[in-house]
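*Asks:* Let's see this in three dimensions:
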Amino acid sequence: MNRRQFLKAATMFAAGPLILPRHILGGDAPSKKIGIGMIGMGRQAYYSNLPAFLNMEDCVVTAVCDVDAWRLQQGMQAIERHYRKKVAKAYRDFRELLADPNVDAVMISTPDHWHVPMAIAAVKAGKDVSLEKPITRYIHEGRILANLVARHKRVFRVDSEFRSIAHFHKAVELVRNGRIGKVLVIRTGSPKEQFPDEPETVTAPPSELDYDLWLGPAPKVDYIQKRVHKPRDLQSRPGWMRCRDYCDGMITNWGTHLNDIAQWGAGTERTGPVKVKATGKFHEGNVWNVLEQFDAWYQFANGMELFYQMGEPHVRFEGEKGWIQVVYPGRISASDPKILAEKIGPEEIHFPLKHEKQDFIDCIKNRSRTLEDEEVGQRTTSLCHLAHIAIQLGGATLQWDPDREIFPDNDAANKLLYRPPMRAPWNLEES
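*Replies:* Take a look at the predicted model:
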């Protein structure tokens, strides 16, 4: 999620897919289109990510991968219906998809515990990466990924649509152009987590699911439908989103949407706070164990404070001259309606307003940085992780060094920056 000024300053990347002009190959020539490989075909991919790429003229979905054969079939059928011919290959193992020369870039829409291992493997395979938020489970693995993307000169996009929502975009432009004066306080919120009653019976996995590969680097545990997803269902919210072996829950899942807008508006998207305190309560189920409730406070080097809690998804900027608030999905208000009527002048700060998938494809074509690149993604996701760490330590107040990304003189907190050893044969370096 970069600013226009940053986009102007961004260096051109060295490597990338060969995009030949339309007048040489003709309007429908496949060589001019960017080949997209879809890794993961669950609810988010099927209803949001896949349709977006299918409806873009400058790319073609050339491959689909899922460890669930039924979901894989649904994705393949949707692609064939759209193109009215078979253009994509089907894979059960993401490593085979990454070896496909017709895949230039990947859209990773898997459970969170797979995000970093798959993204690292994609970068090493020479692919550009759009990665569902939250992009990481741990701060240290995020730094490995961000550095790797930069070193390999790949295009990276955090797949969050919030910078593409007009009211959030408007609020940020007004704040960044000083319409409420110096920002003193930001308040953000996530939706409340739900824990519906579901059976916890241990059974054999469905025949269509490669459960061992679904687990991947996560601990080996018996199959319980509640910890994975409902078979042959693309409608329900999957159970893995409430299980800390695979996900950290709302604090990162929605926090990476709203806190990204907070960081964007504050101009702190490439750094972080210097102090954090957070409290919360973990659900005490046999399978589901993410946070039921949390309340976090951050302080930045310039004295600005950020308050983040579970409740209502919103962002509120409070400055010396007024406030602006956006409540998701699209209710914007201000301390004075005249603030919202303000026009941003041609010489002031402007940010592109475009669909996140179009941003990804545009940047692949011109080898520039996306509006929410790997460093922005690392910093926003880390903000959420910092609160999660403080809660795990019993509501601690922690000092944070955003330059070194460590807690000075706090071994217990620093230990939680690192991912526990992965289940063999998976590891961050070789994934």
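
*Asks:* Quick one: name whatever helix or strand follows the host helix or strand of residue 391.
*Replies:* Residue 391 is part of helix 374-392 when elements are defined by DSSP states H and E. Taking DSSP H and E as the definition, the helix or strand that follows helix 374-392 towards the C-terminus is strand 397-399.

*Asks:* how far does that following strand sit from the chain's center?
*Replies:* Relative to the chain's own centre, strand 397-399 is displaced by 25 Å; criterion: CA atoms, centre = their mean, to the nearest Å.

*Asks:* separation between residue 159 and residue 242?
*Replies:* In this structure, residue 159 lies at 21 Å from residue 242, with CB to CB, to the nearest Å as the measure. C-beta: built from backbone N, CA, C; applies to glycine.

*Asks:* In this structure residue 265 contacts residue 183, no?
*Replies:* Yes: using CB atoms under 8 Å as the test, residue 265 is close enough to residue 183 to be in contact (7.1 Å).

*Asks:* residues shared between the contacts of the two?
*Replies:* Both residue 265 and residue 183 are contacted by 175, 317, under the criterion CB atoms under 8 Å, 6 or more residues apart in numbering.

*Asks:* need the strands for the stretch 101-250 of the chain, in chain order.
*Replies:* In the stretch 101-250 of the chain, the segments counted as strands under DSSP state E, counting those that start in this stretch are 105-108, 128-132, 156-159, 183-191.

*Asks:* Let's have the ones you listed in JSON lines, adding mean neighbour count.
*Replies:* Shown next, in JSON lines, are those (neighbours: other CB atoms under 10 Å):
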{"stretch": "strand 105-108", "mean neighbour count": "26"}
{"stretch": "strand 128-132", "mean neighbour count": "28"}
{"stretch": "strand 156-159", "mean neighbour count": "27"}
{"stretch": "strand 183-191", "mean neighbour count": "21"}
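
*Asks:* where does residue 326 sit relative to residue 229, distance-wise?
*Replies:* Look at residue 326 and residue 229: by CB to CB, they are 31 Å apart.

*Asks:* Looking at these two, which is more packed in?
*Replies:* Ranked by neighbour count (other CB atoms under 10 Å), residue 326 and residue 229 place residue 326 first, with 27 against 23.

*Asks:* Checking my notes, that one in a helix, right?
*Replies:* No: residue assignment for residue 326, taken from DSSP: H, G, I helix; E, B strand; the rest coil, gives strand, which places it outside any helix.

*Asks:* Could you pull up the residues touching it?
*Replies:* Taking CB under 8 Å, 6+ apart, we find residue 326 in contact with 167, 168, 171, 261, 314, 315, 316, 332.
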